[in-house]
Every structure is written in C-alpha cells, then in structure tokens.
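**Q** Model the following, please.
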Amino acid sequence: MKTLFHPAAERGHADHGWLNAHHSFSFAGWYDPSKVHFGMLRVLNDDIVAGGQGFGMHPHNDMEIITIILSGALQHRDNMGNGSIIRPGDVQVMSAGTGVYHSEFNPSETEPTNLFQLWIFPKEKNIAPRYDQQSFAASARENRIQTVASGFRNGNELYIHQDAALSLTKLQAGTTLEYVPAKTGNGAYVMVIHGSATIGGIAASSRDAVGIWDAASISLSAQADTELLIIDVPMN
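**A** Have a look, this model is predicted:
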C-alpha cells in the first residue's frame, strides 16, 4: 500500500473577495510541483462564492467536471440550453468533451455558497458534451458508502466518462468501514469534509486528505461524527 497525506493548511489559497478558494492541486496562480494531480484527478477546489457573485460564461473541453454543493445554492447555465439551480444534496456532472461554455452563479444576494468542484481526466477525448444533475438523500450515506457518480453504471449514480467513482459517507463516531476500490489499479483520494478519521492508518481532520493506492481495501475509521468524500480514480 502506498500513501500520501495532504494537510488542509497546505492547500493553495486565493481570496478574490467574491471567491475564497482552496486548491488541493495546482490551479490558476498556485503551483506546487508535488501536487499537480492524483492519478486521473486533476482538480479538487473548495470554493466559497459570495452572494450574488459567480463564474461568468467560460469554456472547457476534454474534462469531467463534478460539482457538489455543501451549503447555499448555485445557478447553472450553458450553451447546451441547460439552466438549473443546484442545492445541498445535489451533484452536478458536466462532460466538457469537444467543448462547452457555462456559467455558475450564487443566486442569493446575501448567503454565501460553499462547493467542491472536481476535474477528472476523461478516458477518451472529443466526446459529445453532456450535462446532468441529481439529488442524493443524505440518509443513504449514514455508515455506508453512497456512490454519486461513476463510469460503471452500477446503480442510480450519475455517469462520468472515466473508470472512476465518486462517493460520500457519513460515519458515526466509532464506526469503521472498509472501502474497496472500484477497479483494480485505481487509487482513492479521501478528503475529510467534517470531523476526524483514520484513513488507511493515517489520522486526518476537517479538509485534510489522504491518497492511497496499491491497496486491495482502505480502512475508514471515524474518531468523531465524520463526513468523507472518496474520489476513486485510475492512477495512470
């Protein structure tokens, strides 16, 4: 088993006033040669968007972009004709493929929005762009793994164009689960959303992350009531 530990305090940080962003991997003006990607996971941003602010229309291509709302809301528009508001419990997936333009704004004038945005390299380039979103009940992740997006079509999760799986779990203090990677050769990048846990033998607290690969399974043990984000991706 191989591991790495990314403390929350060592993430990149940019405060633009309207956007307060923390970067787990090199992004925009922040570059760390030891934190460029984890396998096929290229970006994990922890963003707080001020009320009435957001990202204007901009392009992407050849990337799987997944957004999870932690608090507040986000209004989406794109050149495929999609327009919607996503809220806590919702997950948004956009396959940029051959190219897509989109904007994301906080529809509240007063309440900030906190979100995770992930970019995962697709297994093929130049696919047709696609957008989808879905709501997932928090009760379905209590002391168990809830997969919200994957490339395996195993359940009701959203589809992403990569042999990857994105999951959430909410563990009560004292609970231990064994996580099995979705595919041989995959690794898992596990971030503590809230709480404290031992992940593959490594102690981690809120917004710390542990990467593990070359492991048949990964032990997740909660020391306090804890929420985890599990990003299961091919390592090459």
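
**Q** okay, CA-based contacts and neighbour counts for the rest of this
**A** Will do.

**Q** Taking the centroid of the protein, which residue is nearest it?
**A** Centroid-nearest residue in the chain: residue 118, 4.4 Å away (criterion: CA atoms, centre = their mean).

**Q** now that residue: how far from residue 223?
**A** With distances taken as CA to CA, to the nearest Å, residue 118 is found 27 Å from residue 223.

**Q** circling back: assign the residue nearest to the centre of the chain to helix, strand or coil.
**A** strand (DSSP: H, G, I helix; E, B strand; the rest coil).

**Q** Grab the nearest non-local neighbour of it.
**A** Using CA to CA, 6 or more residues apart in numbering and skipping the chain neighbours, the partner closest in space to residue 118 is residue 44 (4.6 Å).

**Q** Can you name every helix or strand that the helix or strand hosting that neighbour contacts?
**A** Element membership for residue 44, per DSSP states H and E: strand 41-49. If you count contacts as 3 or more CA pairs under 8 Å, 6 or more residues apart in numbering; DSSP states H and E, strand 41-49 packs onto strand 19-23, strand 113-120.

**Q** Kindly recompute the last result at 10 Å.
**A** The contact analysis (3 or more CA pairs under 10 Å, 6 or more residues apart in numbering; DSSP states H and E) places strand 41-49 against strand 12-15, strand 19-23, strand 64-71, strand 113-120, strand 186-194, strand 226-234.

**Q** Report the strands that pair with the following helix or strand past it, each with its relative direction.
**A** Per DSSP H and E, the first helix or strand lying C-terminal to strand 41-49 is strand 54-60. Sheet pairing of strand 54-60 (DSSP bridges) gives strand 100-105 (antiparallel).

**Q** Now do the partner strand against strand 113-120, angle only.
**A** 160 degrees (axes from the mean of the first three to the mean of the last three CA atoms, to 10 degrees).

**Q** Enumerate the positions of strand 100-105 that are buried.
**A** 100, 102, 103, 104, 105 (16 or more other CA atoms under 10 Å).

**Q** Quick one: mean pLDDT for that strand?
**A** Strand 100-105 carries an average pLDDT of 92.

**Q** for stretch 190-209, same thing?
**A** If you average the pLDDT over stretch 190-209, you get 98.

**Q** how far does that stretch stretch from start to finish?
**A** End-to-end distance (CA to CA), stretch 190-209: 5 Å.

**Q** Quick check, pLDDT for the closest residue to residue 233 other than its chain neighbours.
**A** The shortest distance from residue 233 to any non-neighbouring residue, by CA to CA, 6+ apart, is to residue 164 (4.5 Å). pLDDT recorded at residue 164 is 98.

**Q** burial measure for residue 164, as a count.
**A** 27 (other CA atoms under 10 Å).

**Q** Return the set of buried residues in stretch 224-233.
**A** Neighbour counts using 16+ other CA under 10 Å place 224, 226, 227, 228, 229, 230, 231, 232, 233 of stretch 224-233 among the buried residues.

**Q** quick check, nearest of these to residue 84?
**A** Taking CA to CA as the measure, residue 84 lies nearest residue 229 of those, at 23.9 Å.
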